[in-house]
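Asker: Using only what follows, build the 3D model:
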Amino acid sequence: MNLFDFHARVAPETGAVQRLYAAMDRYGIGRAAVAAGGVLPLDTLSAHLVDGGHVETDADNEAVLRAAEASGGRLVPFWFANPYAGPERYAKRAHRFRGVELSPAVYGLGYDDPRTVALVEVAAASGQPVYTVCVARPGARPADLVALARRFPTVPFVFGHCGCTGVDTDGVARIALQDNIVAEISGCYTVTARVAVRRLGADRVLFGTEYPLQDPGVELAKLDALGLDGTAREKVAWRNAYRLLGEECP
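Answerer: The predicted model follows:
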């Protein structure tokens, strides 16, 4: 149960938390960093990834917090930030959360937008990591994330899904020289995860599942396929997550 899933979601549905626990138990996942899901219907999110677009709808962060507080530390809550709502609500609630997620695919804003920057300023003041998935649009590409990370060198940034295409090895190359960006490997191809470990080192790669959109067993099979030695696998599977969150490893 030492596996630490650094990217899972709690959907706004009855029984969602129980189904998450069942999936974690089935695959031996001890802990998971969770953010709100279901802000967009899946087809709309898919269209946003291709054509662009945005919503200004809040995620149900309070449901995530309730689930995490009832989990005995097994679920680690991340605030899913709505940049149109301003940074104040995140600032007021940051002490109850462990990190923040920025989503250009959902909210349509790039990493250079002042509303995005204001949220990262709160993360910096709170000592929290920023999880984000790049999209293939100006302002929200890997190079733009690198520029934002340079502005906030003390903030850990998580390069979700190893980029936006499944084979974004160019994105991995771009983040490699920016030490405060680590890669999370859910959703990408095995070759991309392997390139991430080689270019970044095992210290800068995180296991994640993107549950419930992805079955955790698929991501575990990918982790196995990387053929990591024992020490490197431990780093990717759970040790790096503890370190990023400022926790001592058990």
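
Asker: Spit out the contact partners of Leu220.
Answerer: Taking Cβ atoms under 8 Å, 6 or more residues apart in numbering as the definition of contact, the neighbours of Leu220 are Leu3, Tyr27. (C-beta placed from N, C-alpha, C; glycine too.)

Asker: Please spell out which residues along the helix or strand encompassing it are buried.
Answerer: Assigned by DSSP states H and E, Leu220 belongs to helix 216-225. For helix 216-225, a neighbour-count test (16 or more other Cβ atoms under 10 Å) marks Pro216, Glu219, Leu220, Lys222, Leu223 as buried.

Asker: Do a quick rundown of the strands in the chain.
Answerer: Shown for the chain, the strands assigned by DSSP state E span residues 3-10, 29-36, 75-80, 99-102, 130-132, 157-159, 181-184, 205-206.

Asker: So what sits opposite the residue nearest the centre of the chain in the bridge?
Answerer: For the chain, the residue lying nearest the average C-alpha position, counting by Cα atoms, centre = their mean, turns out to be Tyr131 (4.0 Å). Here Tyr131 sits in beta bridges with Glu101, Val158, going by DSSP bridges.

Asker: Also Val34?
Answerer: In beta-bridge terms (that is, DSSP bridges), Val34 pairs with Ala8, Pro77.

Asker: Between the buried residues of helix 216-225, which sits nearest Arg96?
Answerer: Proximity of those to Arg96 (Cβ to Cβ) peaks at Pro216, which lies at 26.2 Å.

Asker: any idea how far that closest one is from Val76?
Answerer: Pro216 sits 16 Å away from Val76, taking Cβ to Cβ, to the nearest Å as the criterion.

Asker: Is it possible to get CSV of the buried residues of helix 216-225 that adds pLDDT?
Answerer: Putting these into CSV (pLDDT from 0 to 100) gives the following:
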residue, pLDDT
Pro216, 98
Glu219, 98
Leu220, 98
Lys222, 98
Leu223, 98
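
Asker: circling back: direction-wise, compare the helix holding Leu220 with strand 3-10 and give the angle.
Answerer: Relative orientation of helix 216-225 with respect to strand 3-10: 150 degrees, computed using axes from the mean of the first three to the mean of the last three Cα atoms, to 10 degrees.

Asker: Output helix 216-225 as PDB - backbone C-alpha positions only.
Answerer: The C-alpha atoms that make up helix 216-225 are tabulated as PDB, following Å, rounded to 0.1, in the frame of the first residue of the first chain:
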ATOM      1  CA  PRO A 216      -5.500   2.500 -12.000                       C
ATOM      2  CA  GLY A 217      -4.500  -1.000 -13.300                       C
ATOM      3  CA  VAL A 218      -3.600   0.500 -16.600                       C
ATOM      4  CA  GLU A 219      -1.200   3.000 -15.000                       C
ATOM      5  CA  LEU A 220       0.300   0.300 -12.800                       C
ATOM      6  CA  ALA A 221       1.000  -1.800 -15.800                       C
ATOM      7  CA  LYS A 222       2.800   1.200 -17.400                       C
ATOM      8  CA  LEU A 223       4.800   1.700 -14.200                       C
ATOM      9  CA  ASP A 224       5.800  -1.900 -14.300                       C
ATOM     10  CA  ALA A 225       6.700  -1.700 -18.000                       C
END
